[in-house]
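Novice: Can you look at this prediction? I've put the sequence above it.
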Amino acid sequence: QRNGLQNVTPTTSTFDLNTSDAGNVEKRIYNGANPLVYYILNNAGHQAPSKTVFSNSSPAQGVQNRDVEFAEEVWSFFK
């Protein structure tokens with residue numbers, strides 16, 4: 001609502017670059033004056049997703065998704 005996107009239908013894509021992790025990723029892009037990119041990490045736990053820095057699964061953190069590089073996405077947001 002703050003971005004003026006409440007009536008915008010997102011462009012959605014699904015991908016699974018690493019089939020040995022917990023599941024796939026759904027990426028939703030809401031285009032507008034203040035665009036928003038939203039990721040859904042299916043079957044992933046609370047660990048930061050990474051393609052290069054691997055973390056072991058644990059009962060507290062769950063399974064890591066390895067289809068998205070968290071550091072790249074955060075840098076893309078803040079730059």
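Specialist: Nice, thanks for sending it over. The structure displayed is predicted, hence computed values, not measured ones.
Novice: Figure out the helix or strand that the most centrally placed residue in the chain lives in.
Specialist: Against the mean C-alpha coordinate of the chain, by Cα atoms, centre = their mean, the closest residue is residue 39 at 3.3 Å. Per DSSP states H and E: residue 39 is located in strand 36-41.
Novice: For that strand, give me every contacting residue.
Specialist: 3, 5, 10, 22-23, 25-30, 49, 65, 67-68, 73 (Cβ atoms under 8 Å, 6 or more residues apart in numbering). For the C-beta atoms, the positions are set from N, CA and C on the backbone; glycine is no exception.
Novice: Other residues contacting stretch 67-79?
Specialist: Contacts for stretch 67-79 (Cβ under 8 Å, 6+ apart): 15-18, 21, 24-25, 37, 39, 41, 48-52.
Novice: Repeat the analysis, applying 7 Å as the threshold.
Specialist: 15-18, 21, 24-25, 39, 48-52 (Cβ atoms under 7 Å, 6 or more residues apart in numbering).
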